[in-house]
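Peer 1: Build me a structure from this.
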Amino acid sequence: MKVSRQSACAAAVKGGYQVDQNKNAFQNGVRDGLPIAMGYFAVAFSLGIVAKKAGLDPLQGFISSFLNHASAGEYAEFTVILADAPYLEMAFVILITNMRYLLMSCALSQKFHPDTSGLHRFLVGFGITDEIFGISIGRPGDLHPYYNYGAMAIALPGWSMGTALGIVAGNILPASVVSALSVALYGMFVAIIIPAARKNKIVGGVVALSFAASFAVSKIALFDQMSDSMKISLLTVLIAGLAAAFFPVGEEDAA
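Peer 2: Residues are numbered from 1 along each chain as shown. A predicted model of the protein is given here:
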């Protein structure tokens, strides 16, 4: 009887320690995710303007952003909707634009303690974004899943609410203002590629080739029957594949 009480006390202490550990990890995730949420809201607001053009209502925009946490992926999704393309094409386009998250998931899986359950790994994988991956991979030691839950709890609603409110604004604001705001998303893409292109000449060359190839394909009659989203997806696979084959990243560059 005495041994049983000691075991129960030890289990209670261990359980309490685990709860405190989970709570601290969650709070740290919320703290680090707050700046991400603020940035997401601004970007998603511009994305909501594009979603409005695609005919989505605020609830549809919120759900779309809650399930798809990537600006490029969602922009591709809305492009497919605007083109009235089939669901199969939408699945292919989003798979290509979001494929980098497969690599991020593999990298984060190495950060977990071996005893981390498959359910925790799955839920963390659902909430991976470029920014959440960045703060997670930089954590010292094993990655605690509750840290990611905290970051997701603040960042993902910011992303989803931004899209929904962008659609609301698109329904209220004059057409000229909506048109001006829709340019902000392109500015975000430019802000992403320009620093990388200036830092690496190969990246700059690939970006220039992508622009040239996109323009050429838009002028070739052979591709007229193909939707814009499918053209972009095929060019992405082709150009990225050629760049990887001719200019592989060495271990020194990747470090």
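
Peer 1: Count the residues that sit near T97.
Peer 2: Burial measure for T97: 22 neighbouring residues, criterion other C-beta atoms under 10 Å. Backbone N, C-alpha and C define where each C-beta goes, glycine included.

Peer 1: likewise the one 5 residues further on?
Peer 2: The number of residues packed around L102, counting by other C-beta under 10 Å, is 11.

Peer 1: which element is it on?
Peer 2: Taking DSSP states H and E as the definition, L102 sits inside helix 100-109.

Peer 1: Can you give me the buried ones in that helix?
Peer 2: Of the residues in helix 100-109, Y101, M104, S105, L108 count as buried by neighbour count, 16 or more other C-beta atoms under 10 Å.

Peer 1: what sits against the last one?
Peer 2: Remark: with contacts taken as C-beta atoms under 8 Å, 6 or more residues apart in numbering, L108 is in contact with V124, G125, I128, F133, S136, I137, L143.

Peer 1: hmm, back to that, show me what the very next helix or strand once past the helix holding L102 is packed against.
Peer 2: Under the assignment DSSP H and E, the closest C-terminal helix or strand after helix 100-109 is helix 118-126. Under the contact criterion of 3 or more C-beta pairs under 8 Å, 6 or more residues apart in numbering; DSSP states H and E, the helices and strands touching helix 118-126 comprise helix 100-109, helix 145-172.

Peer 1: Could you check how far R139 is from Y146?
Peer 2: Between R139 and Y146 the computed distance is 12 Å (C-beta to C-beta, to the nearest Å).

Peer 1: neighbour count winner among the two?
Peer 2: When R139 and Y146 are compared on other C-beta under 10 Å, the one with more neighbours turns out to be Y146, at 20 against 16.

Peer 1: Could you report the separation of S218 from M226?
Peer 2: Here the distance between S218 and M226 works out to 10 Å (C-beta to C-beta).

Peer 1: likewise V80?
Peer 2: If you measure V80 against M226 using C-beta to C-beta, the figure is 12 Å.

Peer 1: one step back: the helices and strands packed on helix 118-126: which one's closest to K199?
Peer 2: Among the helices and strands packed on helix 118-126, the nearest to K199 by C-beta to C-beta is helix 100-109 (18.2 Å).

Peer 1: Report the mean confidence score over the closest one.
Peer 2: Taken as a whole, helix 100-109 has a mean pLDDT of 82.

Peer 1: cool, and stretch 80-91?
Peer 2: Model confidence over stretch 80-91, given as mean pLDDT, is 83.
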